[in-house]
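[1] show me the folded form of this:
(2 chains)
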Amino acid sequence: SQKIEQNSEALNIQEGKTATLTCNYTNYSPAYLQWYRQDPGRGPVFLLLIRENEKEKRKERLKVTFDTTLKQSLFHITASQPADSATYLCALSNSGGSNYKLTFGKGTLLTVNP
Amino acid sequence: NAGVMQNPRHLVRRRGQEARLRCSPMKGHSHVYWYRQLPEEGLKFMVYLQKENIIDESGMPKERFSAEFPKEGPSILRIQQVVRGDSAAYFCASSRSEATGEDTQYFGPGTRLTVL
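    Numbers count the residues shown, from 1 in each chain, chains lettered A, B, ... in the order given. Next up, the predicted model:
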């Protein structure tokens, strides 16, 4: 069956360091992969999208890689700040005509300590 | 430009009652998606609607759940005869056109349903 796993439930890092979050999937051939941020009591907020034929995407302090051979995406936040503390969700699209249908991982709670 | 709006934000129902969750998409968006987030689980797709049409309800339980997106007014997710297992956060998302790589989904703040 299809499965998405985010490497850990929680990650604690020191301010200024790079946070690296992992998303692994099995039995999927997604058209694209997205990363979202979710704060307590709020809905997910879109951060970045990467397509199956792209290796890397950047946006300001964020970087996403996508390895369809390993079936893995890495999400990096460089020069992390306490305001980056949140839960980060990986989401995969279906392929084959219904790629509006997103399936989310359970998320990784990132805490950036000052 | 207001984002996706959902109400109520919190809803408490007793077993057997009906729950109605409302979603107003972003201005200019005509595509609506509902997702459910059970405790300790990731968000799961339920249904995709356009105005007056259900496009894909493959993620919706076959019984007690229904959704609509009328020509006028918000999209409604309706749960009849609620049970404790329906307790979850229900999120609505909208997009301008069918969400693809070029047009992402924007999420509302969610409705937290608690069934006593």
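[2] run through the bridge partners of the residue nearest the centre of chain B.
    With distances taken as C-alpha atoms, centre = their mean, the residue of chain B nearest its centroid is B:Trp34 (3.4 Å). Beta-bridge pairing of B:Trp34, defined through DSSP bridges, involves B:Val47, B:Cys92.
[3] show me what contacts it?
    B:23, B:46-47, B:49, B:60, B:67, B:75, B:77, B:90-93 (C-beta atoms under 8 Å, 6 or more residues apart in numbering or on different chains). Using the backbone N, CA and C atoms, a C-beta is placed for each residue, glycine as well.
[4] can you do 10 Å?
    B:21, B:23, B:44-49, B:57, B:59-60, B:65, B:67, B:69, B:75-77, B:90-93, B:108 (C-beta atoms under 10 Å, 6 or more residues apart in numbering or on different chains).
[5] can you flag which of these belong to strands?
    Those of the contacts of B:Trp34 mapping onto strands are B:21, B:23, B:44-49, B:65, B:67, B:75-77, B:90-93, per DSSP state E.
[6] so which strand or helix has A:Thr87?
    Secondary structure from DSSP states H and E places A:Thr87 in strand A:86-93.
[7] just the CA atoms of that strand, as PDB, please.
    In PDB, the C-alpha atoms belonging to strand A:86-93 read as follows (Å, rounded to 0.1, in the frame of the first residue of the first chain):
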ATOM      1  CA  ALA A  86       6.300  24.700  13.500                       C
ATOM      2  CA  THR A  87       5.200  21.400  12.100                       C
ATOM      3  CA  TYR A  88       6.300  20.700   8.500                       C
ATOM      4  CA  LEU A  89       4.300  18.500   6.300                       C
ATOM      5  CA  CYS A  90       5.300  16.600   3.200                       C
ATOM      6  CA  ALA A  91       2.500  16.000   0.600                       C
ATOM      7  CA  LEU A  92       2.500  13.900  -2.500                       C
ATOM      8  CA  SER A  93       0.100  14.200  -5.400                       C
END
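[8] shaky segments in the chain?
    Picking chain A for this. Within chain A, the stretches with pLDDT under 70 are A:95-97.
[9] that's the wrong chain, I wanted chain B
    Using pLDDT under 70, chain B drops low at B:1, B:99-103.
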